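Asker: below are the sequence and a predicted model; questions follow.
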Amino acid sequence: MKKTLVVIGGGAAGFFCAVNAARLHDDLRVVILEKTGKLLSKVKVSGGGRCNVTHDCQSVSELVGHYPRGASFLKKAFLHFSVKDTITWFEERGVELKIEKDGRMFPVTDNSETIMRCLLDDAARYGVEIMLNTELENVELKSNSAESQSQTSFILTLSRERTIEADFICLASGGVQKLEKLDWLKNLGHDIHPTYPSLFTFNIKGSGIQELMGVSLDSAVVKIMGTKHKLQGPALITHWGLSGPVVLKLSAWGALDLAELGYDFKIVVNWIPEYNEQKVLDMLRVVRFEKASQKINNRNPFDLPSRLWEYLLVQSGIQPELRWADLPAKSQNLLAKMLCNQEFHVQGKTTFKEEFVTAGGVGLEQINPATMESKTQKNLFFAGEVLNIDGVTGGFNFQNAWTTGWIAASAISQTEKQQ
């Protein structure tokens, strides 16, 4: 009689576990439970609909540096399924990936449907069953033998008063918002860390910065005041405040601190990271001498976007029509500060619907990184964002999904063959 693996969650990690388990062991019934009516929703929206599959980072020690939480655990896991393995896995199924200049990797089609279709095709090819609009309510143990824990199976209570029996469970339910849904895990000896949003933008009000919506910079430094969190990278000004990779990554590293602050904090921005205030003042003195008769708004010595330059002039109390020769020393000093240390009051955050990531989740101490199996309950496995693992933007969260999903599938397959 076929044994059954029930995968809880129809996202990237859940699908990767399901299709690989079904492929590696054709005598295993594999069922995916998805609480919504949509499959692979984050895959669909990731990277603006292009799907940022992974990151071109072949060194494990370098790769784990992109995970604010879970790095030590993943350092062991990546030895079993790496970025190179991800690339090979998709290539074997006709999906070629390309590397962009910042290291992000996308399908050459620039279409997330390519990745979705690949996973869905594998699910169909290997007979994976999919149950949509099916939410897990509870899990209970069913002991088939008083003498052997290896014979323990699970009874899953589902929405609409349904049940399903499983010999193996892989929990891949993504970032859990309602922690009470994991009470059954606590009963099996697992720690559940509170969850917080990660990868969000900073909402800024009252500074006029929103009027520059669409302005981007290749590099800016953003520091969260009162904390150690400071990063440099591309920035984007939006209609709600500040975004771009530098802010998204900063929100990930500072996720717990910012949650404790109630998302009400101050940041300092250096729009020209290669300068400090003294270097800016030195530059301005040279410009005042060399371009004395020119209007300040016509001469941008720092190659900033023109709209941002004009905004900073206004914030410094400088009329754009003023000549460089007539720039008061006080205004010059204020402009240097605005360029290198402009303060903003952040009040709130904005996340991107299905694309956001959560910090927190199932603790890693009771999970074996070589198998993704629970150390406290045999035949219970984990994969993806439900774990207390999260990466910065750039394909790292999907790599976590592929790695943990594959390891769980491989371990389940081998366990089933041995039993």
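Answerer: In hand now; what should we look at? Residues are numbered from 1 along each chain as shown.

Asker: where does the protein dip in pLDDT?
Answerer: 144-151, 177-178, 352-355, 416-419 (pLDDT under 70).

Asker: at 90 what do you get?
Answerer: Applying pLDDT under 90 to the chain flags residues 1-2, 142-152, 175-182, 206-207, 297-300, 320, 351-357, 414-419.

Asker: mind listing the helices for it?
Answerer: Using DSSP state H, the helices of the chain run over residues 12-24, 41-49, 60-63, 71-77, 83-91, 112-125, 183-187, 245-253, 255-260, 277-290, 306-315, 329-341, 396-418.

Asker: go ahead and confirm residue 391 touches residue 400.
Answerer: Yes - using C-beta atoms under 8 Å, residue 391 is in contact with residue 400, at 6.0 Å. Glycine gets a C-beta too; all of them are placed from N, C-alpha and C.

Asker: between those two, which contacts overlap?
Answerer: residue 67 (C-beta atoms under 8 Å, 6 or more residues apart in numbering).

Asker: any idea what residue 168 is bridged to?
Answerer: On the basis of DSSP bridges, residue 168 is bridged to residue 5.

Asker: contacting residues around it?
Answerer: Residue 168 is in contact with 3-6, 379-381, 412, 415-416, counting by C-beta under 8 Å, 6+ apart.

Asker: domain assignment for the protein?
Answerer: Following automatic domain parsing, one finds the domains of the chain at 3-196+358-418, 200-350.

Asker: which of the ones you listed is buried the deepest?
Answerer: Per residue and on average, the most neighbours among those fall to domain 3-196+358-418, with a mean of 19 (mean count of other C-beta atoms under 10 Å).

Asker: residue 333 contacts residue 281, correct?
Answerer: Yes - counting by C-beta under 8 Å, residue 333 touches residue 281, with 7.1 Å between them.

Asker: which residues does the nearest residue to residue 348 once chain neighbours are set aside bridge with?
Answerer: Computed as C-beta to C-beta, 6 or more residues apart in numbering, the closest residue to residue 348 that is not its neighbour in sequence is residue 203, at 3.9 Å. With DSSP bridges as the criterion, residue 203 is bridged to residue 241.

Asker: show me the contacts for residue 203.
Answerer: 240-241, 263, 346-350.

Asker: and if we set it to 7 Å?
Answerer: Counting by C-beta atoms under 7 Å, 6 or more residues apart in numbering, residue 203 touches 240-241, 346-350.

Asker: again with residue 294
Answerer: 323-324.

Asker: now with 6 Å, please.
Answerer: Counting by C-beta atoms under 6 Å, 6 or more residues apart in numbering, residue 294 touches residue 324.

Asker: separation between it and residue 331?
Answerer: Using C-beta to C-beta, to the nearest Å, residue 294 is found at 16 Å from residue 331.

Asker: quick one: contacts for residue 325?
Answerer: For residue 325, the contact set (C-beta under 6 Å, 6+ apart) comprises residue 292.

Asker: and the residue nearest to residue 2 when sequence neighbours are not counted, how far from residue 404?
Answerer: Spatial nearest neighbour of residue 2, excluding adjacent residues (C-beta to C-beta, 6+ apart): residue 29 at 4.7 Å. Relative to residue 404, residue 29 is positioned 22 Å away (C-beta to C-beta).

Asker: show me the contacts of residue 203 that map onto strands.
Answerer: If you go by DSSP state E, the contacts of residue 203 have 241, 346-350 in strands.

Asker: and of the residues you listed, the nearest to residue 140?
Answerer: Closest approach to residue 140 among the ones in strands among the contacts of residue 203 (C-beta to C-beta): residue 349, at 38.0 Å.

Asker: ok, the closest one - contacts?
Answerer: For residue 349, the contacting residues are 200, 263, by C-beta under 6 Å, 6+ apart.

Asker: tell me the bridge partners for it.
Answerer: As for beta bridges, residue 349 partners with residue 202 under DSSP bridges.

Asker: before we move on, back to that, what would the helices of the chain look like in a markdown table with distance to residue 234?
Answerer: Formatted as a markdown table, the helices of the chain follow (distance: least, C-beta to C-beta, whole Å):
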| stretch | distance to residue 234 |
| --- | --- |
| helix 12-24 | 25 |
| helix 41-49 | 14 |
| helix 60-63 | 20 |
| helix 71-77 | 23 |
| helix 83-91 | 22 |
| helix 112-125 | 22 |
| helix 183-187 | 39 |
| helix 245-253 | 5 |
| helix 255-260 | 20 |
| helix 277-290 | 21 |
| helix 306-315 | 14 |
| helix 329-341 | 18 |
| helix 396-418 | 16 |
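
Asker: between the ones you listed, which gets nearest to residue 105?
Answerer: helix 83-91 (7.4 Å).

Asker: run the angle between that closest one and helix 396-418 for me.
Answerer: Put simply, helix 83-91 runs at 80 degrees to helix 396-418, going by axes from the mean of the first three to the mean of the last three C-alpha atoms, to 10 degrees.

Asker: chain center to helix 83-91: distance?
Answerer: Put simply, helix 83-91 sits 20 Å off its chain's centre (C-alpha atoms, centre = their mean, to the nearest Å).

Asker: so it versus helix 12-24, what angle?
Answerer: Using the same axes, to 10 degrees: helix 83-91 against helix 12-24 is 70 degrees.

Asker: from the contact counts, what lies against helix 83-91?
Answerer: Helices and strands touching helix 83-91, by 3 or more C-beta pairs under 6 Å, 6 or more residues apart in numbering; DSSP states H and E: there are none.

Asker: which of the contacts of residue 203 lies closest to residue 133?
Answerer: residue 350 (28.4 Å).

Asker: wait, what's in contact with the residue nearest to the closest one when sequence neighbours are not counted?
Answerer: Distances taken as C-beta to C-beta, 6+ apart put residue 201 closest to residue 350, at 4.7 Å, once the chain neighbours are dropped. Counting by C-beta under 6 Å, 6+ apart, residue 201 touches 243, 247, 350.

Asker: let's see 8 Å
Answerer: If you count contacts by C-beta under 8 Å, 6+ apart, residue 201 has them with 238, 240-243, 247-248, 251, 349-351.
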